[in-house]
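K.L.:
The following block contains a protein sequence and its predicted model.
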Amino acid sequence: MNLNNYILHIDGAYFFTQEQLIPQILLALPFVLTLVMYILAVIVSNRRHKRWPLYRTVCWIFGVLFAIISVAGPLANRALVDFTAHMFGHLFLGMLAPLLMALAAPMTLMLRTLTVPIARRLSKMLRSRLSRMLTNPIIASVLNIGGLWLLYTTSLYSLMHDYFLLHLIVHVHVFLAGYLFTISMFYIDPMPHRVPFLYRAIVLCVALTGHGILSKYIYAHPPNHVTINQAELGGMVMYYGGDIIDIVIIFILCLQWFRATRPRTRLAIFSNCFISY
């Protein structure tokens, strides 16, 4: 299925036939389901445990909304014919939505909501070798940044507009790779396979450098079927928009690092000494 075959251009606006809505529905539906499940989990958790923080629920709602906006609706429609709109969708789906959803601590909420036997099975999965591999900062960075290099420096970008299944796969990969990258850099949810802060900081710097270089490469070398003007605008959106989200990730990582390594106060030291005696 060539998605561009279903684009109608009328009076400067772009409209889409019913067939073109199918990939949007398939991509948006999982996010809608996760939103409903998260809210239901919050209700159940509040009945059993201490009240779930409101800001985490807000983060999840906005994260899901940004993901849906990027895969369905006007922005998603425009992204098929406008590379700048596509790049905004990339920022929403692969960076902003994963960041907000990671801050919502979905795994912690799930462990609070599930029954003990099921929660133990989930904990076992989190301790598995596959989990260790996917949440390793290097592997997550390769999947995320490496995937973007593959998308924009090969014919993959133009092919995803021609093949229905490839269109779905690329969008799913962008979100999942972005989420894995985010949770591998700072820990909000339980993470059995933790790595040192310095290790994560070094990998983060390399990954952000790769992302910045790619945005400049796109600026100078447009992907197939992308005009120079759109490539320049898209490259700037990727560079400056990505920097804003990256600053938030850096801030959270440094804040956690500071809290984990800051010296104990005199009062805490005195209290520990008093208790020891």
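P.N.:
All right, it came through fine. Numbers count the residues shown, from 1 in each chain.

K.L.:
Spit out the contact partners of L99.
P.N.:
G63, T182, I245, V248, I249 (Cβ atoms under 8 Å, 6 or more residues apart in numbering). Just so you know, the C-beta spots here come from the backbone N, C-alpha and C atoms, and that holds for glycine as well.

K.L.:
Can you give me the neighbour number for the closest residue to I228 other than its chain neighbours?
P.N.:
Excluding its sequence neighbours, the residue lying closest to I228 (Cβ to Cβ, 6 or more residues apart in numbering) is P222, at 5.8 Å. Residue neighbour count, defined by other Cβ atoms under 10 Å, stands at 20 for P222.

K.L.:
ok, now which ones touch P222?
P.N.:
By Cβ under 8 Å, 6+ apart, the neighbours of P222 are F83, I228, Q230, A231.

K.L.:
and if we set it to 10 Å?
P.N.:
Contact analysis of P222 by Cβ atoms under 10 Å, 6 or more residues apart in numbering lists F83, Y152, Y157, I228, N229, Q230, A231, E232, G234, G235.

K.L.:
Of those, which count as buried by neighbour count?
P.N.:
F83, Y152, Y157, Q230, A231, E232, G234, G235 (16 or more other Cβ atoms under 10 Å).

K.L.:
Inside helices: which ones of the contacts of L99?
P.N.:
G63, T182, I245, V248, I249 (DSSP state H).

K.L.:
Was I right to think L176 contacts M101?
P.N.:
No - L176 is not in contact with M101 according to Cβ atoms under 10 Å; the separation is 11.3 Å.

K.L.:
And those two? Which one has more around it.
P.N.:
More crowded of L176 and M101, by other Cβ under 10 Å: M101, with 26 against 16.

K.L.:
I'd like the distance between the more buried one and S184.
P.N.:
14 Å (Cβ to Cβ, to the nearest Å).

K.L.:
Pass me the low-pLDDT residue ranges in this structure, would you?
P.N.:
1-20, 263-277 (pLDDT under 70).

K.L.:
show me the contacts for the most centrally placed residue in it.
P.N.:
Among the residues of the chain, the one closest to the centroid is P98, at 2.5 Å (Cα atoms, centre = their mean). Neighbouring residues of P98 by Cβ under 10 Å, 6+ apart: 63, 66-67, 92, 144, 174-183, 245, 249.

K.L.:
coming back round to it: ok, the contacts of P222 vs H167, which is closest?
P.N.:
Compare each of those with H167 using Cβ to Cβ and the shortest gap goes to Y157, at 10.9 Å.
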